[in-house]
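Asker: Below are the sequence and a predicted model; questions follow.
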Amino acid sequence: MAEMVKKATRESFGLAVTELAAENPNIVVLDADLAAATKTEIFKKAYADRFIDVGIAECNMIGIAAGLATTGKIPFAASFAMFSAGRAFEQVRNSVGYPHLNVKVVGSHAGISVGEDGATHQCCEDIALMRTIPGMVILNPSDHYEMKAAVKSAAEYVGPCYIRLGRLAVESFHNNDDYHFEIGKGITEREGNDITIIATGLMVSEAIKAADQLKKEGISARVLNIHTIKPLDKELIWKAAKETGKLITIEEHNVIGGLGEAVCGAVCEKCPVPVIRMGVQDTFGHSGPALDLLEEFGLCASNIVKVTKEALKK
Amino acid sequence: MNQSEKKALQITACKVRMGVIEGTFHAKSGHPGGSLSAADVFTYLYFKEMRVNPKNPKDPNRDRFVLSKGHTCPGLYAALALKGYFPWEELKSLRHIGAMLQGHPNMLDTPGIDMSSGSLGQGVSAAVGMALAGKMDKKDYRVYTLLGDGETEEGQVWEAAMFAGHHALDNLCVIVDNNGLQIDGSISEVGGPDPIDKKFEAFRFDVQVIDGHDFDALERAFNHAKEVKGKPSCIILKTVKGKGVSFMENQVGWHGKAPNEEQYQTAMKELKETLTGLEAE
């Protein structure tokens, strides 16, 4: 068993891509003047000749990554989610998605837990934007070990991929370096039969804490970790819908266009059940300490407990 | 360049222009004006300048071309067909449902297309990425990209230019088809991108401004560009939009409109006469 670590997934990403680069000379990393924040500086220190800082020009960064990919390189192009997925959306769509190039678009500081920087930098739309691009794989890992495994899978997968990173340090709950990750395969983190909480990214650990609390109170809540938003593990979601009858989704993202809507779409196809979508309720964020903001927006274990109990009363 | 070589290029360019008219006529849409203004540079690149082999279109050591002004692909497609990447007949299904030749270049389906393009400003960044990869891998291929003059109104062009100059990508050649017209009018009236040459100079490019319809000038400029070390090259082509089809020349209306049956016959007649004239000389 590996030690329990507390790291932001952005740091896990930086470490993972640097480790992978030792074995794979095709891996290159691009950044847009945020290397210290996205943690690509870890890669830069180890492989300066394979690191490209394009300056503050995210659209150009994505285009350069596309050009590099046509020659067989595996570019990881990182910036804040607001800029790599947001500002450069059309470059990702037309220069990466349409030609199905092997570019890994990396969006760090996603969601409201950016904190004090406030609404302009709190990207709650990146999953929605990336979901609409045909052929785009979307990974939103929840802790250190999952991020490391996800980056490895992304490097092995040939095609466009979006990886979402968080700013906030999180305690790892997967505790083994051999943790198995498969793109498109969700993980049942807690078994349960009364209701299912479907979480992604930073919210998975909150969902687990909530389920553990609920268990003490006699409520059996299943927890699904959907680390891959696209392709979505529909089988796992359908099974949970059939077996537990009610679903709660939780994501650090606008409830429009994110995990919640993806789950709603999936259950509508086969086994419609009530779905409560927790997340950012179609508002902008604002400045404040990250943990306080998460609590304010209801993105915490205590609120999941509350919402679950209310859902079961109905 | 000797006379026979020049004559051969002029003949090929005339055939490229016939391909533009053929393609856009059968498509009932498309962009003949900018395809015709660039017909000579397409010809020069594929029949004189670039190290490419249609039998091995994915050769990792080939020179690359990115048509950043992707809407003028009817001209590029005609040049690729003449070069042997695919049959000439494909031009007649341009823009049709199920056709290989899409309205804007698609690298997944079309042999010889090095990058999907058409959203203006983006191709030049991809070309920069290819040139950067060449430097990283110590390969000697060169990368060419063609922009419209109106396209230089896109901010991404200058992001890419700043990067290319800063990184001294002397294996990159940015070509601007300076025909002076964009959809809504003349570039001086609409977006005001001039002076384009001074802008590229400011971004640390070696800049040449030449007659884009003169093969001797094209040869001199591209040969000079290959000799430039430590900075990327920019060749600004002074061209005539619609060149070679008299009723389309310098007419903004022919930016994105296909010839009807009568116009098709008139244009093809004129181009055939040009071709006959060239072959008879």
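Answerer: Sure, I can see it.
Asker: Quick one: the helices in chain B, in order.
Answerer: Remark: helices assigned in chain B by DSSP state H are B:3-27, B:32-37, B:39-44, B:73-83, B:122-136, B:155-166, B:187-190, B:196-202, B:215-227, B:261-280.
Asker: no, scratch that, I was asking about the stretch 101-250 of chain A
Answerer: A:126-131, A:144-156, A:203-216, A:234-244 (DSSP state H, counting those that start in this stretch).
Asker: Compare those helices and report which one is nearest to chain B.
Answerer: For chain B, the closest of those is helix A:126-131, at 15.8 Å, according to CB to the nearest CB. In short, each C-beta sits where N, CA and C put it, glycine included.
Asker: So which elements touch that closest one?
Answerer: When contacts are defined as 3 or more CB pairs under 8 Å, 6 or more residues apart in numbering or on different chains; DSSP states H and E, helix A:126-131 sits against strand A:137-139, strand A:161-164, strand A:228-230, strand A:247-254, helix A:259-270.
Asker: quick one on the thing from earlier: among the helices of the stretch 101-250 of chain A, which comes closest to residue A:98?
Answerer: Closest approach to residue A:98 among those (CB to CB): helix A:126-131, 14.0 Å.
Asker: Which positions within stretch A:129-143 qualify as buried?
Answerer: For stretch A:129-143, a neighbour-count test (16 or more other CB atoms under 10 Å in any protein chain shown) marks A:129, A:130, A:131, A:133, A:136, A:137, A:138, A:139, A:140, A:141, A:142, A:143 as buried.
Asker: OK, contacts around the fourth one?
Answerer: Under the criterion of CB atoms under 8 Å, 6 or more residues apart in numbering or on different chains, the neighbours of residue A:133 are A:92, A:93, A:97, A:160.
Asker: Would you mind measuring from it to chain B?
Answerer: 14 Å (CB to the nearest CB, to the nearest Å).
Asker: next one: the last one
Answerer: When distance is defined by CB to the nearest CB, residue A:143 is 33 Å away from chain B.
Asker: so which of the buried residues of stretch A:129-143 comes closest to residue B:65?
Answerer: residue A:133 (25.8 Å).
Asker: circling back: mean pLDDT added to the helices and strands packed on helix A:126-131, as JSON lines?
Answerer: Output for the helices and strands packed on helix A:126-131, formatted as JSON lines (pLDDT from 0 to 100):
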{"stretch": "strand A:137-139", "mean pLDDT": "98"}
{"stretch": "strand A:161-164", "mean pLDDT": "98"}
{"stretch": "strand A:228-230", "mean pLDDT": "98"}
{"stretch": "strand A:247-254", "mean pLDDT": "98"}
{"stretch": "helix A:259-270", "mean pLDDT": "98"}
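Asker: among the ones you listed, which is the most enclosed?
Answerer: Among the helices and strands packed on helix A:126-131, strand A:161-164 has the highest mean neighbour count (mean count of other CB atoms under 10 Å in any protein chain shown), at a mean of 30.
Asker: Could you give the number of residues near residue 21?
Answerer: All of this refers to chain A. 21 (other CB atoms under 10 Å in any protein chain shown).
Asker: To clarify, I was referring to chain B.
Answerer: Neighbours around residue B:21, by other CB under 10 Å: 28.
Asker: List the residues that contact it.
Answerer: B:32, B:245, B:259, B:264, B:267, B:268, B:271.
Asker: how much space is there between it and residue B:269?
Answerer: For residue B:21, the distance to residue B:269 equals 10 Å [CB to CB, to the nearest Å].
Asker: do the same with residue A:267
Answerer: Distance from residue A:267 to residue B:269, by CB to CB: 64 Å.
Asker: Ok, residue A:94 next?
Answerer: For residue A:94, the distance to residue B:269 - CB to CB - is 38 Å.
Asker: The two: which is more packed in?
Answerer: More neighbours surround residue A:94 than the other of residue A:94 and residue B:269, with 22 against 10 (other CB under 10 Å).
Asker: isn't there a helix covering the more buried one?
Answerer: Yes: assessed with DSSP: H, G, I helix; E, B strand; the rest coil, residue A:94 lies in a helix.
Asker: residues touching it, list them.
Answerer: Contacts of residue A:94 by CB under 8 Å, 6+ apart are B:116, B:118, B:119, B:122.
Asker: Can you give me the pLDDT of residue A:177?
Answerer: Predicted confidence (pLDDT) for residue A:177: 66.
Asker: sorry, back to before: can you tell me which of the contacts of residue B:21 lies closest to residue A:23?
Answerer: residue B:32 (50.8 Å).
Asker: is it true that the closest one touches residue B:244?
Answerer: No: contact criterion CB atoms under 8 Å: residue B:32 and residue B:244 do not qualify, at 10.1 Å.
Asker: coming back round to it: can you lay out the helices and strands packed on helix A:126-131 as JSON lines showing distance to residue B:2?
Answerer: Supplementary listing: the helices and strands packed on helix A:126-131 in JSON lines, determined by distance: least, CB to CB, whole Å:
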{"stretch": "strand A:137-139", "distance to residue B:2": "54"}
{"stretch": "strand A:161-164", "distance to residue B:2": "52"}
{"stretch": "strand A:228-230", "distance to residue B:2": "58"}
{"stretch": "strand A:247-254", "distance to residue B:2": "65"}
{"stretch": "helix A:259-270", "distance to residue B:2": "65"}
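Asker: before we move on, back to that, in CSV, list the helices of the stretch 101-250 of chain A along with mean pLDDT.
Answerer: CSV is the format used below for the helices of the stretch 101-250 of chain A (pLDDT from 0 to 100):
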stretch, mean pLDDT
helix A:126-131, 98
helix A:144-156, 96
helix A:203-216, 98
helix A:234-244, 98
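Asker: who wins for proximity to residue A:289 among those?
Answerer: helix A:203-216 (16.5 Å).
Asker: Could you list every helix and strand that that closest one packs against?
Answerer: strand A:187-190, strand A:195-199, strand A:221-225, strand A:247-254, helix A:301-313.
Asker: List just the one of those that sits closest to chain B.
Answerer: strand A:247-254 (25.7 Å).
Asker: related to what we said a few turns ago, out of the contacts of residue A:133, give me the one that has the most neighbours.
Answerer: residue A:92 (29 neighbours).
Asker: How confident was the prediction at residue B:277?
Answerer: So, for residue B:277, pLDDT stands at 97.
Asker: Name all residues that make contact with the nearest residue to residue A:40 once chain neighbours are set aside.
Answerer: Excluding the flanking residues, the one nearest residue A:40 by CB to CB, 6 or more residues apart in numbering or on different chains is residue A:31, at 4.6 Å. Residues in contact with residue A:31 (CB under 8 Å, 6+ apart) are A:38, A:40, A:44, A:51, A:52, A:53, A:54, A:61, A:77, A:78, A:79.
Asker: repeat for residue B:193
Answerer: Here residue B:193 is in contact with B:149, B:150, B:152, B:153, B:187, B:199 (CB under 8 Å, 6+ apart).
Asker: What of residue A:200?
Answerer: For residue A:200, counting by CB under 8 Å, 6+ apart, the contacting residues are A:140, A:142, A:225, A:226, A:227, A:229, A:250, A:251, A:259.
Asker: From the chain's centroid, how far away is stretch A:107-127?
Answerer: For stretch A:107-127, the separation from the chain centroid amounts to 12 Å (computed by CA atoms, centre = their mean, to the nearest Å).
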